[in-house]
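Participant: next come a sequence and a model predicted from it.
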Amino acid sequence: MIEVYAPASIGNFTVGFDSLGAALAPIDGSLLGDVVTICEAPRDEFICSGEYAHKLPSDANENLAYQCLVHFRTHVAPNMPAVKLELKKNLPIGSGLGSSACSVVAAFAALDKFAQTNLSQVELIELMADFEGLVSGGRHYDNITPCYLGGLQLTGDLIPNKSIALPVDENWYYVAAFPGFSLNTAKARSVLPKELSMHAGVEFAQRLSAFSSLLLTSRFDEALCIMQDNIAEPHRAPLINGFDQAKLSLPELGAEVVSISGAGPTLFSVCKTLEAAEQCAQWLEENYINEQGFCHICKLDNDGTRQLNVL
């Protein structure tokens with residue numbers, strides 16, 4: 001049996017709408033992401049388990065991980081033996097943590113390992129983006145690529161090999177808080193402006209390029225100073241109950257940045273010390289999340305998608 005884990009991710013990462021994403025690793029050692037197991041079987045079998053399995057369609061044909069299996073057998077490895085594939089759905093749907101990307105990335109990575117097809121990085125990323133796009137409404141790489149490769153990734157069609165890894169300050173902590181309610185990705189995209197003014201477009205280009213350049217030259221404090229989302233956050237914030245108050249309160253506790261993870265409703269903050277991260281996490285647990293929510297203090301997951309077990 002092959003067991004593959006794919007981590008949660010922060011899409012957009014404030015300055016990089018649809019083009020910058022970061023994989024997350026809770027500092028307590030827990031796995032924040034989905035797991036796919038695969039083994040040979042008499043006939044193809046699909047199981048969906050895990051804490052959030054009940055939130056997915058009961059019909060396997062409507063499950064992204066099963067659709068990945070069908071596509072892989074038809075178009076990539078027609079001679080692959082029958083398999084039992086299980087998706088352990090550990091991330092909430094519509095959380096802003098790259099939940100659909102986790103399922104797709106873990107499924108294709110497990111299938112590639114099992115069938116020993118040895119697809120290239122670009123081939124796998126393209127496959128993953130195709131299927132994640134079925135949920136998000138378009139081929140966006142900012143969850144797929146960090147989930148697969150780990151770290152902070154600048155990603156897109158114009159970038160060689162679809163991705164460039166960016167360094168970050170190793171002292172940074174990322175506090176990710178899922179409030180306990182879902183936000184439909186399509187709805188979160190529908191509130192965005194259809195066009196940007198020339199001024200807004202130029203400012204976005206300057207901010208993303210400056211941020212990337214500052215990271216690449218280890219000017220991390222300067223990079224933090226320009227982490228601001230003027231593209232999506234102003235339009236999505238009204239959809240997320242409690243976000244505005246968190247945006248005001250967390251900087252007083254030491255947060256350097258507070259923004260929306262992906263399409264939301266998860267928010268994340270960047271802190272320069274563990275003490276500040278712990279204070280922010282405590283505030284979020286008391287004021288932002290309900291009994292279905294959770295909050296994690298994280299570092300970046302630099303390993304990305306990986307094999308956990310071979311039995």
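Facilitator: In hand now; what should we look at?

Participant: please count neighbours and contacts with C-alpha atoms only from this point.
Facilitator: Will do.

Participant: for this structure, identify the residue most remote from the centre.
Facilitator: residue 42 (34.2 Å; Cα atoms, centre = their mean).

Participant: and that residue, which helix or strand is it part of?
Facilitator: Using DSSP states H and E, residue 42 maps to neither a helix nor a strand.

Participant: check contacts around it.
Facilitator: 82-83 (Cα atoms under 8 Å, 6 or more residues apart in numbering).

Participant: for it, give me phi and psi.
Facilitator: When read as degrees, to the nearest 10, the backbone of residue 42 gives phi -60, psi -30.

Participant: where does the stretch 51-200 of the chain dip in pLDDT?
Facilitator: Scanning the stretch 51-200 of the chain for pLDDT under 70 picks out 136-137.

Participant: domains of this structure?
Facilitator: 2-166+302-310, 173-299 (automatic domain parsing).

Participant: most tightly packed of those domains?
Facilitator: Burial of the domains of the chain is given as mean neighbour count (mean count of other Cα atoms under 10 Å); domain 2-166+302-310 ranks first at a mean of 21.

Participant: any chance you could map the helices in the protein?
Facilitator: 64-71, 99-115, 121-136, 144-149, 185-190, 198-216, 220-225, 233-236, 243-249, 274-287 (DSSP state H).

Participant: possible to save those helices as TSV with distance to residue 89?
Facilitator: What follows is these, written out as TSV (distance: least, Cα to Cα, whole Å):
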stretch	distance to residue 89
helix 64-71	10
helix 99-115	8
helix 121-136	15
helix 144-149	15
helix 185-190	18
helix 198-216	33
helix 220-225	33
helix 233-236	26
helix 243-249	26
helix 274-287	23
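
Participant: quick one: closest of those helices to residue 173.
Facilitator: Of all those, it is helix 274-287 that lies closest to residue 173, at 6.5 Å by Cα to Cα.

Participant: what is the closest one packed up against?
Facilitator: strand 173-178, strand 255-260, strand 294-300 (3 or more Cα pairs under 8 Å, 6 or more residues apart in numbering; DSSP states H and E).

Participant: between the second one and strand 173-178, how many degrees?
Facilitator: Pointing back at strand 255-260 there. For strand 255-260 against strand 173-178, the angle by axes from the mean of the first three to the mean of the last three Cα atoms, to 10 degrees is 30 degrees.

Participant: ok, strand 255-260: who's next to it in the sheet?
Facilitator: Using DSSP bridges, strand 255-260 pairs in its sheet with strand 267-271 (antiparallel).

Participant: taking strand 294-300 as reference, get the angle to the partner strand.
Facilitator: Interaxial angle, strand 267-271 versus strand 294-300 (the same axes, to 10 degrees): 50 degrees.

Participant: which residues touch strand 267-271?
Facilitator: 172-178, 243, 250, 254-261, 277.

Participant: what angle separates that strand from helix 274-287?
Facilitator: Using the same axes, to 10 degrees: strand 267-271 against helix 274-287 is 160 degrees.

Participant: distance from strand 267-271 to the middle of the chain?
Facilitator: 14 Å (Cα atoms, centre = their mean, to the nearest Å).

Participant: likewise stretch 286-297?
Facilitator: Centroid separation for stretch 286-297 versus its chain: 18 Å, with Cα atoms, centre = their mean.

Participant: straight-line length of that stretch, end to end?
Facilitator: 15 Å (Cα to Cα, to the nearest Å).

Participant: do stretch 141-154 as well
Facilitator: By Cα to Cα, one end of stretch 141-154 lies 9 Å from the other end.

Participant: how about the nearest residue to residue 163 once chain neighbours are set aside, what does it touch?
Facilitator: Leaving aside its chain neighbours, residue 163 sits nearest to residue 155 (4.2 Å; criterion: Cα to Cα, 6 or more residues apart in numbering). For residue 155, the contact set (Cα under 8 Å, 6+ apart) comprises 19-21, 141-142, 145, 162-164.

Participant: no more questions from me, cheers.
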